[in-house]
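> This is a predicted model, with the sequence first.
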Amino acid sequence: MDRIKEHFQSKVADAQKEVRDFVAEHGDEVIGEIKVSQLYQGMRGMPALICETSKLDPEEGIRFRGYSIPELQEKLPKMPGGKEPLPEGIFHLMLMNEVPDDEQVRRLSNNWARRSIVPPHVFKVIDSLPQSAHPMTQFVAGIMALRTESEFSRAYRAGIHKSEYWMPNYEDAMNLIARLPRVAAYIYRRVYHNGEHIEPDPKLDWAGNFAHMLGFDNEEFKELMRLYMTIHSDHEGGNVSAHAVKLVGSALSDAYLSFSAGMNGLAGPLHGLANQEVIRWTLAMRDELGGGLPSKEQIANYVRKTLADGKVIPGFGHAVLRKTDPRYEAQRKFALEHMPHDEMFLIVSRIYEVVPEILSSTGKIKNPWPNVDAHSGQLLMHYGLTEYDFYTVLFGVSRALGTMANLIWDRALGFPIERPGSTTTALLKDKFGK
Ligand code: FAM
């Protein structure tokens, strides 16, 4: 067993006992009530899941194991001379509930590099799809092809004891994280660079190597990838991708099956696909207005037209947040530091000045402020990653960090299969009257 796995194992028995004792003592406490409306509104605000890795506060935004994004930027290890946290660090924090030191992060980088070989049939599966298939389609196909490597599935078939489920599950989760950048970069190079693939450089960190395989070797882009992979990794348990991974995993579907379920959810325009939609919408606006930096009034008119057409303004609003997303702020800070005069950045900033007031004035949108997706595309475009159909794949690679840390814990804590109840409108009407 490697040292990282041993370190995790040293935490399992205490965590199991903590949960067992807590539920034995407080299992009958009531933590909320459910209104009829919540059943029709996507279970909004209903506490229904345990997710240890991060918690979203409506006003303050996300905290990973108690740390805000600015705190992580300060505390997590960085590359020598770098300013952005290494994603290995946030994974360690989420999994171990400890801020790692440089040595622990380096060990994780090396561990993932050793696990990162993707079997050739995965590339064949991807190559069998039309080049025009959306990158998320290709990504999910690649993940499913990786499943031939599942150690959990093999162990289950061989009759593994339930107390050991987490162990092969850990292997699957770590292998998946290690291999995803190669699969994602393969899709990018296949679709947008004539299939001219770039070999991994095992000496690089996980995100730096990902940037390298995508074809972006400048250090500033690598720093962006480290920030991007860190801030997109987790957003508590109830969002569509995180919940889908957890739900499917609860049936003892292995990490590959579970993660691909989450990626199918991330590919929806109200969730992760919003990052490509933001750029599509922004470019369409710019083109319609003749190019250049539109005025506030022009943006306002375009926003009103989008709303009148019955469409959403992508990148704005959130089911839980009620203020500007700190992930948006972290990206804005990066832009202000590295590209304050970039035209797309100026447009994004101006959209930020105009949209919230208009959304608020509709009187129905609960959060008029920008979310993570309102900014990420602009940063990528600045460095030449302009193929926005690919953006959700980047989000997906990052989301593996949080969802896999959770999946390992779910199996370690022996969480059961999820099976909430459902009811019918007729039954509710019988109960509460017409
Ligand atoms: N533009 C136009 N209308 C919006 C809107 C927006 N950006 N955000 C919310 N609304 C509408 C919403 O469609 C609903 O309309 P109806 O009553 O006619 O159905 C109404 O306002 C109330 O919605 P809400 O309670 O404020 O939001 P929800 O919790 O239902 O939905 C979002 C949350 C994120 C799905 C929604 O704000 C949205 O569609 N935003 C645009 C897409 C987007 O940026 N998604 C990315 C979210 C992100 F953080 C992520 O997952 N990566």
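In hand now; what should we look at?

> what's the closest non-adjacent residue to residue 72?
residue 85 (5.4 Å; C-beta to C-beta, 6 or more residues apart in numbering). Every C-beta, even on glycine, is put in place using the N, C-alpha and C of the backbone.

> I meant to write residue 162 there.
If the residues on either side of it in the chain are set aside, residue 162 comes closest to residue 414, at 7.0 Å by C-beta to C-beta, 6+ apart.

> what helix or strand is that neighbour on?
With the criterion set as DSSP states H and E, no secondary-structure element contains residue 414; it sits in neither a helix nor a strand.

> show me the contacts for the residue nearest to residue 72.
For residue 85, the contact set (C-beta atoms under 8 Å, 6 or more residues apart in numbering) comprises 72-73, 75-78, 226-227, 230.

> Adding distance to residue 363, write these out as CSV.
Supplementary listing: those in CSV, determined by distance: C-beta to C-beta, whole Å:
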residue, distance to residue 363
72, 36
73, 36
75, 41
76, 41
77, 46
78, 44
226, 40
227, 36
230, 36
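
> Please work out how many residues are found near the residue lying closest to residue 67 once chain neighbours are set aside.
The shortest distance from residue 67 to any residue other than its chain neighbours is 6.7 Å, reached at residue 75 (C-beta to C-beta, 6+ apart). The local packing of residue 75 (other C-beta atoms under 10 Å) involves 13 other residues.

> Residue 75 against residue 100, yeah?
No - applying C-beta atoms under 8 Å as the test, residue 75 and residue 100 come out as separate, 9.6 Å apart.

> Show me which residues of this protein sit near the ligand.
When proximity is defined by C-beta under 6 Å from any ligand atom, the chain lies next to the ligand at 239, 270-272, 274, 307, 312-319, 364-367, 371-373.

> So among these, which ones count as buried?
239, 271-272, 274, 312-319, 365, 367, 371-373 (16 or more other C-beta atoms under 10 Å).

> Model confidence at the residue in the chain that the ligand sits nearest to, what's the number?
Per C-beta to the nearest ligand atom, the residue of the chain with the smallest distance to the ligand is residue 317, at 2.1 Å. Each residue has a pLDDT score; the one for residue 317 is 97.

> For it, give its distance to residue 294.
Distance of residue 317 to residue 294, computed by C-beta to C-beta, to the nearest Å: 21 Å.

> Endpoint to endpoint, stretch 91-104 covers what distance?
Using C-alpha to C-alpha, to the nearest Å, the end-to-end distance of stretch 91-104 comes to 11 Å.

> The closest residue to residue 113 other than its chain neighbours is in what secondary structure piece?
If the residues on either side of it in the chain are set aside, residue 113 comes closest to residue 202, at 4.3 Å by C-beta to C-beta, 6+ apart. Counting by DSSP H and E, no helix or strand carries residue 202.

> And residue 202, how close does it get to residue 209?
As for residue 202, its distance to residue 209 is 7 Å (criterion: C-beta to C-beta).

> Tell me how many other residues crowd residue 211.
Taking other C-beta under 10 Å as the neighbour definition, residue 211 ends up with a count of 27.

> Which of the helices or strands spans it?
With DSSP H and E as the criterion, the answer for residue 211 is helix 206-214.

> Take that helix, keep the C-alpha atoms, and write them as PDB.
Presented in PDB, the C-alpha positions along helix 206-214 are these (Å, rounded to 0.1, in the frame of the first residue of the first chain):
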ATOM      1  CA  TRP A 206      -1.000  17.400 -12.700                       C
ATOM      2  CA  ALA A 207      -2.500  20.700 -14.000                       C
ATOM      3  CA  GLY A 208       0.800  21.800 -15.600                       C
ATOM      4  CA  ASN A 209       1.000  18.600 -17.500                       C
ATOM      5  CA  PHE A 210      -2.600  18.900 -18.600                       C
ATOM      6  CA  ALA A 211      -1.900  22.400 -20.000                       C
ATOM      7  CA  HIS A 212       1.200  21.000 -21.700                       C
ATOM      8  CA  MET A 213      -0.800  18.100 -23.300                       C
ATOM      9  CA  LEU A 214      -3.400  20.600 -24.500                       C
END
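
> and after that helix, which helix or strand comes next?
Taking DSSP H and E as the definition, the helix or strand that follows helix 206-214 towards the C-terminus is helix 219-231.

> Can you list the residue ranges for helices in the stretch 151-300 of the chain?
Counting by DSSP state H, counting those that start in this stretch, the stretch 151-300 of the chain has these helices, from start to end: 151-157, 166-192, 206-214, 219-231, 240-249, 255-266, 274-288, 296-308.

> Tell me which of those sits nearest to residue 382.
Checking those against residue 382 by C-beta to C-beta gives helix 219-231 as the closest, at 8.6 Å.

> The closest one - contacts with which helices or strands?
Helices and strands touching helix 219-231, by 3 or more C-beta pairs under 8 Å, 6 or more residues apart in numbering; DSSP states H and E, are helix 69-75, helix 87-96, helix 206-214, helix 326-338, helix 373-382, helix 391-412.

> Centre of the chain to the fifth one, how far?
Translated: helix 373-382. Once both centres are worked out by C-alpha atoms, centre = their mean, to the nearest Å, helix 373-382 turns out to sit 15 Å from its chain's centre.
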